[in-house]
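In: return atomic coordinates for the entry below.
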Amino acid sequence: MNEKNANWKGCHQVFGCGIGPLAMMGRVVLFLILFFLPVFSQGAWAQDSPREQYIPVLTVSIGANPTGSVTYVMVLFSQRDDVKGLDVHFLTGPSRFSSETQAAVVQAIVRTARVLGLSPDSWNVGLSVVDSGLIIEGDSLSAMVGLTVGAMAKGEAIPRSRVITGTVTSDGRIGPVGEVRLKVLAARQAGLQMVLVPSTADKRGKAPASAKVFTVSSVTQAYQLLTSPMS
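Out: Prediction:
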């Protein structure tokens, strides 16, 4: 996954670069309105209140000297009282996901749900990049989003100190991604405690003392590690 913007460098706060709690609260309210208004207008009221979680994703900048970084994505989840199909909304504006990323995320949610024995046909999912002015491209965040949504549907949560980089394949495996070394180094600098990478990843240069790095091959294995009790 790549980023098109140089302004993220050195900025890893949960509320984003220069965004205070009040401004972020206003953005969340706006996002809730944008996300749920189409649902309400169709009469498909959610059975329960939307659940919200901020998740870390590992990114690498585009350029001659790529650099890894950690940014945060807001994930909203609710369940409707119908089974009309998965409904995923991406917040438009200065922070956005590329069309490739959007397609990969939707695919990962569906595939992860299938592995976990869940049906996404009544799910509403909303996604927003926290850091302003950021465009995220690629598919390496898709496993993290898919697993987060699956956990939320099961009433569980992935601790914010844990992250996975990878895709979800059609047979329920964690697919390969690029620039793993840079992403793991970024996770170390951000203080994340657990990093999961595809089993096909190059293991050279990945031994950060502040983070436990695990290679995983399947959605089931990744889910167990990401949601296991903190030791």
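In: all strands for the chain, in order.
Out: 2-3, 51-61, 68-79, 87-90, 96-97, 123-129, 135-137, 162-164, 167-168, 174-175, 194-198, 212-216 (DSSP state E).
In: closest one to residue 183 among these?
Out: Nearest to residue 183 among the strands of the chain is strand 51-61 (3.7 Å), distances taken as CB to CB. The C-beta positions use only the backbone N, C-alpha and C, and glycine is treated the same way.
In: for the closest one, which strands pair with it and how are they oriented?
Out: strand 2-3 (parallel), strand 68-79 (antiparallel) (DSSP bridges).
In: what comes up buried for that strand?
Out: 51, 53, 55-61 (16 or more other CB atoms under 10 Å).
In: got it, and stretch 146-162?
Out: By neighbour count on 16+ other CB under 10 Å, the buried set for stretch 146-162 is 146-153, 158, 162.
In: so can I have JSON lines of the strands paired with strand 51-61 showing mean pLDDT, distance to residue 141 and mean neighbour count?
Out: Output for the strands paired with strand 51-61, formatted as JSON lines (pLDDT from 0 to 100; distance: least, CB to CB, whole Å; neighbours: other CB atoms under 10 Å):
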{"stretch": "strand 2-3", "mean pLDDT": "46", "distance to residue 141": "11", "mean neighbour count": "21"}
{"stretch": "strand 68-79", "mean pLDDT": "94", "distance to residue 141": "7", "mean neighbour count": "21"}
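In: can you list the weak-confidence ranges in this structure?
Out: The model of the chain has pLDDT under 70 over residues 1-50, 94-95, 202-211, 231.
In: nearest residue to the middle of it?
Out: Among the residues of the chain, residue 145 comes closest to the average C-alpha position under CA atoms, centre = their mean, at 3.5 Å.
In: just checking, that one touches residue 127?
Out: Yes - using CB atoms under 8 Å, residue 145 is in contact with residue 127, at 6.9 Å.
In: which residues of the protein fall in helices?
Out: 21-41, 99-115, 142-153, 180-189, 219-227 (DSSP state H).
In: for residue 167, name its beta-bridge partners.
Out: Note on residue 167: beta-bridge partners by DSSP bridges are residue 175.
In: from residue 119, how far off is it?
Out: When distance is defined by CB to CB, to the nearest Å, residue 167 is 22 Å away from residue 119.
In: among the two, which residue is more densely surrounded?
Out: When residue 167 is set against residue 119 and neighbours are counted by other CB atoms under 10 Å, the residue ahead is residue 167, at 22 against 12.
In: what's the distance between the residue nearest to the centre of the chain and residue 131?
Out: In terms of CB to CB, residue 145 sits 16 Å off from residue 131.
In: and residue 77, by the same measure?
Out: In this view, residue 77 and residue 131 are 21 Å apart by CB to CB.
In: returning to what we had before: show me which pair in the buried residues of stretch 146-162 is furthest apart.
Out: Most distant of the buried residues of stretch 146-162, by CB to CB, are 153 and 162, 17.9 Å apart.
In: what's near enough to touch residue 197?
Out: Residue 197 sits next to 164-166, 180, 183-184, 206, 213-216 when contact means CB atoms under 8 Å, 6 or more residues apart in numbering.
In: residue 147 now?
Out: 112, 158, 164, 219, 222-223, 226.
In: sorry, back to before: a markdown table please, covering the buried residues of stretch 146-162 and showing distance to residue 104.
Out: Putting these into a markdown table (distance: CB to CB, whole Å) gives the following:
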| residue | distance to residue 104 |
| --- | --- |
| 146 | 9 |
| 147 | 14 |
| 148 | 14 |
| 149 | 13 |
| 150 | 16 |
| 151 | 19 |
| 152 | 19 |
| 153 | 19 |
| 158 | 19 |
| 162 | 20 |
